[in-house]
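Chemist: just the structure for this:
(one chain, ligands or ions: 1)
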Amino acid sequence: MQYPFTDEQKALSDLTKDFMEREVLPVAAEMDRRPDPKDCYPAELINKASKLGLRTLAVPEEYGGSGSDLLTRTLVLWTGAQIEIGVIKCISQCWKLATALFKRGTKEQLDKWGKMFVEDDDCVGSFLLTEPDYGSDNIYRQPGPELGLKTSAVKDGDYWVINGAKRFTSLTSWSKILLVFARTDPNVSVSEGSTCFLVHGEQEGITYGRVHDKMGYRLYPNAESFFDNVRVHQDDILGEVNGGFQTFSTIFRGSAELIACNTGICRGIYDYCYAHAKERIQGGKPIIEHQTVQMMLSEMLMNIEVAEQFMWRICWGVEEDDSFNPRFTRNGKVFSDQVALKTIALATDILGGIGVMKDTPTEKMFRDLLTFLHGDGTDSLTLLRIAQTLENPA
Ligand SMILES: Cc1cc2nc3c(=O)[nH]c(=O)nc-3n(C[C@H](O)[C@H](O)[C@H](O)COP(=O)(O)OP(=O)(O)OC[C@H]3O[C@@H](n4cnc5c(N)ncnc54)[C@H](O)[C@@H]3O)c2cc1C
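Modeler: Numbers count the residues shown, from 1 in each chain. Prediction:
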């Protein structure tokens, strides 16, 4: 057994699997191959997933969602990632938006933004941190006031006026709700002087640039955006003025999101390798009968299972264990990145030439896996953050 999931969790996982196999799998490869990345956004599929209740899993019941916990959502993401990562990642992006809104929002913000999110099956959201000159600094923040966000917000009466540029941010230009992080005090460090603003995707003054032409996660697109005197009312600040990074940590504390993405895709690769090894005849027998292939499959499965078990432990710990150490989240993310790379290495050996042919599903899975290993911070910087706790690891 993977983990002692409840019957309700298993039912939701089955529903996700059914949706992914029935609706997503038949069209995903064709959508992924569309040359213009703008054409890869899976609008119709998100609408369908929303009608099944998947988009609003993180919304509390009293606001019309199902108030699912982290373990349940991670199970859904992991289940979906085994079949196709882009669509299910769009859905998990919505959970992050809902977590930020419903944990940090005022009653008025929930009536306005929360209601808008819940009632509209097409509504997705974006987190806008990364800028041309500001990438890893959002993960590994350093104290200098000159470092960090360049996008600024300046107070003008009851409004704040935002100017700047963002890039690489997910679902931007499709998102109806933007969480824009901007510098509101340039004299202190980015951690102490940034604020999170709720902004409508079609607000005057916002323009969208390129949709980035990525090698993987193509059904989960990213784009540039530009802010030219965008006026945001002070009531649309999520959290406190200069408290943007407290809002940010509401979303990311104890996340198992990228471990679920990595291990889910790795499971998909393992399943394909196993099935292939039973059918492919070389040396006069199915290659699964060669001990080298058995050992490679065993190693692949061992790595994946260890990462998965740690993932469920994180989910449990975040919600049930007061002494949960956030370092576990970082350990799990870096470990699952390493498992991902090892899985690709083993799979390219087991599959030989067929593994990278465009009509073999693993070709897309390899590209997808490689695309987001730097997500939530490169491994080197995540390890540096772990290093800050070396003295007192308990
Ligand atoms: C699929 C995808 C989805 C994304 N989604 C979002 C999103 O929704 N919202 C968003 O805001 N951004 C998003 N991003 C951007 C992503 O968060 C950044 O790409 C990431 O933070 C890394 O920044 P960078 O690419 O600028 O790398 P860089 O910051 O240029 O890092 C390059 C190298 O320098 C090292 N380095 C950098 N700074 C230091 C330092 N101080 N000390 C030591 N080494 C250092 C890094 O470890 C790395 O090895 C997404 C990107 C992709 C590809």
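Chemist: any idea of the mean pLDDT in the helix or strand hosting residue 181?
Modeler: Using DSSP states H and E, residue 181 sits in strand 177-183. Strand 177-183 shows a mean pLDDT of 97.
Chemist: please apply the same query to stretch 267-285.
Modeler: In this model, stretch 267-285 has a mean pLDDT of 98.
Chemist: show me where the stretch 201-350 of the chain has its strands.
Modeler: Using DSSP state E, counting those that start in this stretch, the strands of the stretch 201-350 of the chain run over residues 206-211, 222-233, 237-238, 281-282, 285-286.
Chemist: contacts for the longest one next, please.
Modeler: Okay, so that is strand 222-233. The contact list for strand 222-233, computed with CB atoms under 8 Å, 6 or more residues apart in numbering, reads 128, 151, 153, 156, 158-173, 178, 180, 197-199, 203-212, 214. Quick note: C-beta positions are derived from backbone N, CA and C, even for glycine.
Chemist: can you list the buried residues in it?
Modeler: Across strand 222-233, burial judged by 16 or more other CB atoms under 10 Å covers 222-227, 230, 232.
Chemist: wait, which of those is closest to residue 192?
Modeler: Within the buried residues of strand 222-233, the smallest distance to residue 192 is 20.4 Å, found for residue 232 (CB to CB).
Chemist: and that closest one, how far from residue 319?
Modeler: To residue 319, residue 232 is 33 Å away according to CB to CB, to the nearest Å.
Chemist: stretch 80-87: how far from the chain's middle?
Modeler: 12 Å (CA atoms, centre = their mean, to the nearest Å).
Chemist: do me a favour and get the end-to-end distance for it?
Modeler: Its first and final residues considered, stretch 80-87 spans 8 Å by CA to CA, to the nearest Å.
Chemist: so is that stretch next to the ligand?
Modeler: No: applying CB under 6 Å from any ligand atom, one finds stretch 80-87 out of contact with the ligand, separated by at least 9.8 Å.
Chemist: which bits of the stretch 151-300 of the chain sit near the ligand?
Modeler: Residues of the stretch 151-300 of the chain lying near the ligand (CB under 6 Å from any ligand atom): 168-170, 217, 222.
Chemist: once you drop chain neighbours, what's closest to residue 363?
Modeler: residue 356 (5.4 Å; CB to CB, 6 or more residues apart in numbering).
Chemist: let me see the domain layout of the protein.
Modeler: Residue ranges for each domain of the chain read 7-119, 125-242, 253-387, as given by automatic domain parsing.
Chemist: now distance to residue 393 too, for those, in a markdown table please.
Modeler: Below are the domains of the chain laid out as a markdown table (distance: least, CB to CB, whole Å):
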| stretch | distance to residue 393 |
| --- | --- |
| domain 7-119 | 23 |
| domain 125-242 | 19 |
| domain 253-387 | 7 |
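Chemist: mind listing what the closest residue to residue 85 other than its chain neighbours touches?
Modeler: Excluding its sequence neighbours, the residue lying closest to residue 85 (CB to CB, 6+ apart) is residue 368, at 4.9 Å. By CB under 8 Å, 6+ apart, the contact set of residue 368 is 85-86, 216-217, 265.
Chemist: just the buried positions in the helix or strand encompassing residue 368, please.
Modeler: In this assignment (DSSP H and E), residue 368 forms part of helix 361-371. By neighbour count with 16+ other CB under 10 Å, helix 361-371 contains the buried residues 361-369, 371.
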